[in-house]
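Participant: Let's see this in three dimensions:
(one chain, ligands or ions: 1)
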Amino acid sequence: NVLILDFGSQYTQLIARRVRELNIYCEIHPFNKVPQDLLSYKAVILSGSPFSVRAEDAPHPDLSNIKGKKPLLAVCYGAQYLAHFNGGSVQPSKIREYGRAKLNIIKDAEPLFVNIKEGTQVWMSHSDTIAELPKKGVRLASTVDVANAAYRIDGEETYAIQFHPEVYHTTDGKQLLENFLVHMAKVEQSWTPAAFVDTTVAELKEKIGDDKVVLGLSGGVDSTVASILLHKAIGKNLYCIFVNNGLLRKDEFDSVLDQYKDMGLNVKGVDASARFLEALKDVSDPEAKRKAIGNAFIEVFDDEATSITGVTYLAQGTIYPDVIESVSATGGPSATIKSHHNVGGLPDFMKLKIVEPLRMLFKDEVRRVGAEMGIDKELLGRHPFPGPGLAIRILGDITAEKVRILQEVDAIFINGLRKWDLYDKVWQAGAILLPVNSVGVMGDERTYEKVVALRAVESTDGMTADWVNLPYEFLQETSNHIINRVKGVNRVVYDISSKPPATIEWE
Ligand code: XMP
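Facilitator: Numbers count the residues shown, from 1 in each chain. As a prediction, this is how the structure comes out:
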């Protein structure tokens, strides 16, 4: 188990990613909340930071229980921090030190640089520089512009590097982390999906005991994997609720509900379509739609959750990027997360204790854990689908008829992608119903009907995306099917915008 102390760098998550890629479990903790019990951590990594160590408000945690006592790797700000407070000196750099550099490794710089070639490319991103090493500091590497690019502290297992081993452009970054963690700190490479399932199920059993847990299923990967983990731990004491907001894909509610039942889950399907449609009546602003749907969901879920007696826990499929985002949304490591000042006004289910078994996992790890537990491949490979569903793909106001039209169009598009073996090559796809009519001709009749747009994007995380170059023959067949089979549509267009500057959804 490895502890990563976060000083607020945009790359901290990447350090965790790289460590996990070595099959080593790690946790990120903010610098101002150093875990009390350090026994379980075999090694510690200090992250970079947007701060200068010389600034008064910069992170200056007490590391006396760590430095010299545990194997320690300090990255960027971490390296400067150790120098600044241990007899060295950190000064503003005279030249900008951003981007790639070639590393000159001092002879005998082993073991940190085993299997790393002289001149290897490293990535720098800092505006201060280590002018003098700390007491007992021994230089290990330099670059043309950075004299102290890596050092160790004599008599301790303390190593510091000015460059970022976690970014892709540091060619041997993963090797360096492996050298430090596996060969020097002797951390076990035992983090596998199977090990995660075993330890998590045991922890959940221990934590929850005979208490009851309620969980909202969405049909997506995260909530499904969370539910199966909990099911393994507590069986029938897990109560799942799957709400149909009427804005799901065609037939999805029934088919996913059946799938959940086949997995042995104790799941209640609640068809609240009418309630959501009512809440959305005459609402056309995208953010107002999201709010109306969010509120309706809370009401429906609360009604259902409170009808189960004796529930103590609310389980959620929160994953690691959500955790990191909500921490940074509240002002980074130094900000305290809002307290429950409004508990009296919250829905009942929000007063429950929270359990989040996937809190420490990245999306691809969630999929691997799901596969390990035998969850259907098709379900695990599903495209992301937004919580507000088709509501944000029907531009303008929403009616039952528009939902029906879009469900039909979307089903033809998605089934076509599957038939043409394109589904898994696309990160996300869907259809959008535009709020305009266009003139067409069918038979000898003039038509004046709806326009739909098709969107298919490739992406890794949804943050940036590009449209997919789908074969013309596929687009041709899909367009024909849609116009011939879906009453009310006489024109199909394909969205060829990237994100940025567009977004994936139109609303
Ligand atoms: P955008 O449109 O911002 O979408 O490029 C990025 C990803 O987020 C999904 N998305 C949402 N998911 N609630 C959700 O649960 C929402 O309000 C929402 N808006 C966008 C979108 O489908 C894409 O995967």
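Participant: Now do the buried residues in stretch 60-72.
Facilitator: Applying a neighbour-count criterion of 16 or more other Cβ atoms under 10 Å, the buried positions in stretch 60-72 are 60, 63, 66-67, 70-72. Any C-beta I mention is one placed from the backbone N, CA and C, and that applies to glycine too.
Participant: Can you verify D128 is assigned to a helix?
Facilitator: No: for D128, which was evaluated using DSSP: H, G, I helix; E, B strand; the rest coil, the result is strand, with no helix membership.
Participant: my read: it touches V90, true?
Facilitator: Yes: D128 is in contact with V90 according to Cβ atoms under 8 Å; the separation is 5.1 Å.
Participant: Quickly list what's touching both of the two.
Facilitator: 52-54, 80 (Cβ atoms under 8 Å, 6 or more residues apart in numbering).
Participant: Show me the two of the buried residues of stretch 60-72 that sit farthest apart.
Facilitator: Farthest apart among these by Cβ to Cβ are H60 and P71. That separation is 21.9 Å.
Participant: still on that earlier bit, just the buried residues of stretch 60-72: which are in strands?
Facilitator: Using DSSP state E, the subset of these located in strands is L72.
Participant: Can you lay out the buried residues of stretch 60-72 as a markdown table showing distance to the ligand and pLDDT?
Facilitator: Formatted as a markdown table, the entries for the buried residues of stretch 60-72 read as follows, by distance: Cβ to the nearest ligand atom, whole Å; pLDDT from 0 to 100:
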| residue | distance to the ligand | pLDDT |
| --- | --- | --- |
| H60 | 37 | 94 |
| L63 | 38 | 94 |
| I66 | 38 | 96 |
| K67 | 41 | 96 |
| K70 | 39 | 96 |
| P71 | 39 | 98 |
| L72 | 38 | 98 |
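Participant: Go through the buried residues of stretch 60-72 and name the one nearest V182.
Facilitator: Checking the buried residues of stretch 60-72 against V182 with Cβ to Cβ, the nearest one is P71 at 11.1 Å.
Participant: wouldn't the closest one be in contact with V182 here?
Facilitator: No: with contact defined as Cβ under 8 Å, P71 does not reach V182; the gap is 11.1 Å.
Participant: distance between the ends of stretch 457-468?
Facilitator: Start-to-end span of stretch 457-468 (Cα to Cα, to the nearest Å) is 5 Å.
Participant: Now the residue sitting nearest the centre point of the chain: phi and psi?
Facilitator: What sits nearest the mean C-alpha location of the chain, by Cα atoms, centre = their mean, is P321, with 3.2 Å. According to degrees, to the nearest 10, the main-chain angles of P321 amount to phi -60, psi -30.
Participant: contacting residues around it?
Facilitator: The contact partners of P321, by Cβ under 8 Å, 6+ apart, come to 13, 362-363, 461.
Participant: Quick check: V146 touching S127?
Facilitator: No: taking contacts as Cβ under 8 Å, V146 lies outside contact range of S127: 11.9 Å.
Participant: can you give me the helices for the stretch 251-400 of the chain?
Facilitator: Using DSSP state H, counting those that start in this stretch, the helices of the stretch 251-400 of the chain run over residues 252-262, 273-279, 286-306, 320-329, 363-372, 377-380, 400-419.
Participant: if you look at the fifth one, does any of it touch the ligand?
Facilitator: Right, the one you point to is helix 363-372. No: legend: contact between helix 363-372 and the ligand by Cβ under 6 Å from any ligand atom is lacking; minimum distance shown is 11.3 Å.
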